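Visitor: okay, sequence plus prediction incoming.
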Protein chains: 2
Amino acid sequence: MGRWEPDARGRLAKAALELYSERGFEQTTVVEIAKRAGLTERTFFRHYADKREVLFAGSSALQELFVRAVADAPESAAPIDALAAGLDAVSEMFADRREYARKRQAVIMANAELQERELIKLASMSAALADTLRRRGVAEPAASLTAEAGVAVFKVGFERWIVAAEERDMAHLMRDSLDELKAVTAGG
Amino acid sequence: MGRWEPDARGRLAKAALELYSERGFEQTTVVEIAKRAGLTERTFFRHYADKREVLFAGSSALQELFVRAVADAPESAAPIDALAAGLDAVSEMFADRREYARKRQAVIMANAELQERELIKLASMSAALADTLRRRGVAEPAASLTAEAGVAVFKVGFERWIVAAEERDMAHLMRDSLDELKAVTAGG
DNA sequence: CACCTGATGTCAGTCGCTGCCATCGCGTAG
DNA sequence: CTACGCGATGGCAGCGACTGACATCAGGTG
């Protein structure tokens, strides 16, 4: 075994999340992750660019989903409403992954390096959203600001969803957060 | 010499920025930085936690200035106006450091690891601002959203200032960006 | 002049990460 | 059925970031 067991990538991701949860990110070596997955350190780095990236395999799919929903919003929709459509789409995606999301988020919140990686993924999402808004005819700096605002709403909404009771729907928390942002920016 | 030359910290920071500019962040080793500063690698790590941190020595002062300005805004001011006061204060700080800011930003924009570090500094600023707003009586999630929005405006305004002609005043760009955000969030 | 203290130097060691080449298992042409 | 090709994996050497432990030095103090 080891060689030729299927889904080496998945086994590495699973082993990494387990070990990061059990003893922390810093206290885990890549050799240990690879060993638990029945592979070697060298193979780990063939599947993931670095020790952090193994926790962010799904982030590109999330970004694509978000961007597509914004791009597909009716042409008549205001930028902020196109964004709301994106937040809806994203919320669906997480609906049945709450436990996984919680476990993963706990690991990330416990380590600064992992937070850095999370932040740059969100920045990439913001850039992609801004690009999409520009294609919809939104000028700068409105496009970048709207995108940044959208990511801010996502961050706050996501965090509230993670700590919320099981029943709380992510889409509702996202909408509430967006409304709060509207209220506070209108307050001046 | 080497030992007992004054301002070892400053010499290290200067040498690092020079080398990162000349040949790039990745292509520069800590040994080289230390050597140019007339010191050793070990001493570098006594002054800076890691190879990236040497570019972010001033970020805590920036955060403190921003936070204090928000905290000192008139109690009657709406959260978004307290934020605007913070952006004003920050703009003053940068007024006579444009060349340095440009050089530094060019280095950061050329490397993903440095962007990660920059992002976590901004996230720290957002958290500190949210805390300050809470002390001013703003509830969650409005406090966090306002803080995130403030940092978004800072990011966009700063970027525009970096690329703008010499005459453009940073404070004006910040105000414009804030107004744009207000417009776009009111558009739904 | 002896002593103390903080900053620096020296050295060994761990770990993340990469390049290079060998090896393995499977599919496929012949 | 066999030989060959190919993608995935292993093994190994090496670099650079970073750390802990200990020695050393310059300057101030008694």
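Guide: Arrived safely.

Visitor: what does chain A put close to DNA strand D?
Guide: Within chain A, the positions near DNA strand D by Cβ under 7 Å from any atom of the strand are A:2-4, A:8, A:34, A:38-40, A:42-43, A:46-47. (Each C-beta comes from the backbone N, C-alpha and C, glycine too.)

Visitor: repeat that for 10 Å
Guide: A:1-9, A:11-12, A:26, A:34-35, A:37-47, A:113 (Cβ under 10 Å from any atom of the strand).

Visitor: the stretch of helix or strand A:Ala147 belongs to: what's the following helix or strand?
Guide: Taking DSSP states H and E as the definition, A:Ala147 sits inside helix A:142-163. Sequence-wise, the next helix or strand beyond helix A:142-163 is helix A:170-186, with elements assigned using DSSP H and E.

Visitor: get me the contact residues on chain A for chain B.
Guide: Neighbours of chain B within chain A, by Cβ under 8 Å from any Cβ of the partner chain: A:78-81, A:84, A:112, A:115-117, A:119-120, A:123, A:141-142, A:144-146, A:148-149, A:152-153, A:155-156, A:160, A:176-177, A:180-188.

Visitor: try 6 Å this time
Guide: By Cβ under 6 Å from any Cβ of the partner chain, the residues of chain A that approach chain B are A:78-81, A:116, A:119-120, A:123, A:141-142, A:144-146, A:148, A:152, A:156, A:177, A:180-182, A:184-188.

Visitor: give me the buried subset of those residues.
Guide: When the residues of chain A next to chain B are checked for burial by 16 or more other Cβ atoms under 10 Å in any protein chain shown, the buried set is A:78-81, A:116, A:119-120, A:123, A:141-142, A:144-146, A:148, A:152, A:156, A:177, A:180-182, A:184-185.

Visitor: phi, psi of the residue nearest to A:Met125 when sequence neighbours are not counted?
Guide: Closest residue to A:Met125 apart from its sequence neighbours, by Cβ to Cβ, 6 or more residues apart in numbering or on different chains: A:Gln63 at 4.8 Å. Main-chain dihedrals, A:Gln63, degrees, to the nearest 10: phi -60, psi -40.

Visitor: and the pLDDT for A:Gln63?
Guide: In this model, A:Gln63 is scored at 98, pLDDT.

Visitor: give me the domain ranges for chain A.
Guide: With domains defined by automatic domain parsing, chain A comprises A:8-54, A:58-186.

Visitor: what residues sit buried inside stretch A:47-56?
Guide: By 16+ other Cβ under 10 Å, the buried positions in stretch A:47-56 come out as A:47-48, A:51-56.

Visitor: now stretch A:15-34
Guide: A:15-20, A:25, A:28, A:30, A:33-34.

Visitor: which members of the residues you listed are positioned in helices?
Guide: If you go by DSSP state H, these have A:15-20, A:30, A:33-34 in helices.

Visitor: scan chain A for its longest helix.
Guide: Secondary structure of chain A read by DSSP H shows that its longest helix is helix A:112-135.

Visitor: if we can go back for a sec, closest one of the buried residues of stretch A:15-34 to chain B?
Guide: A:Phe25 (14.9 Å; Cβ to the nearest Cβ).

Visitor: count of residues packed around the closest residue to the closest one other than its chain neighbours?
Guide: Leaving aside its chain neighbours, A:Phe25 sits nearest to A:Asn111 (4.3 Å; criterion: Cβ to Cβ, 6+ apart). Using other Cβ atoms under 10 Å in any protein chain shown, A:Asn111 has 16 other residues around it.

Visitor: returning to that earlier point: my guess is the residue nearest to A:Met125 contacts A:Ala127. True?
Guide: No - the pair A:Gln63 / A:Ala127 is not scored as a contact, 9.6 Å apart, by Cβ atoms under 6 Å.

Visitor: higher neighbour count, the two?
Guide: A:Gln63 (19 against 15).

Visitor: ok, now how distant is that one from chain B?
Guide: Noted for A:Gln63: a distance of 16 Å to chain B, by Cβ to the nearest Cβ, to the nearest Å.

Visitor: just to revisit the earlier point, compute the inter-axis angle for the longest helix of chain A and helix B:170-186.
Guide: Per axes from the mean of the first three to the mean of the last three Cα atoms, to 10 degrees, the angle that helix A:112-135 makes with helix B:170-186 is 70 degrees.

Visitor: now render the buried residues of stretch A:15-34 as JSON lines, adding pLDDT.
Guide: Output for these, formatted as JSON lines (pLDDT from 0 to 100):
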{"residue": "A:Ala15", "pLDDT": "98"}
{"residue": "A:Ala16", "pLDDT": "98"}
{"residue": "A:Leu17", "pLDDT": "98"}
{"residue": "A:Glu18", "pLDDT": "98"}
{"residue": "A:Leu19", "pLDDT": "98"}
{"residue": "A:Tyr20", "pLDDT": "98"}
{"residue": "A:Phe25", "pLDDT": "98"}
{"residue": "A:Thr28", "pLDDT": "98"}
{"residue": "A:Val30", "pLDDT": "98"}
{"residue": "A:Ile33", "pLDDT": "98"}
{"residue": "A:Ala34", "pLDDT": "98"}
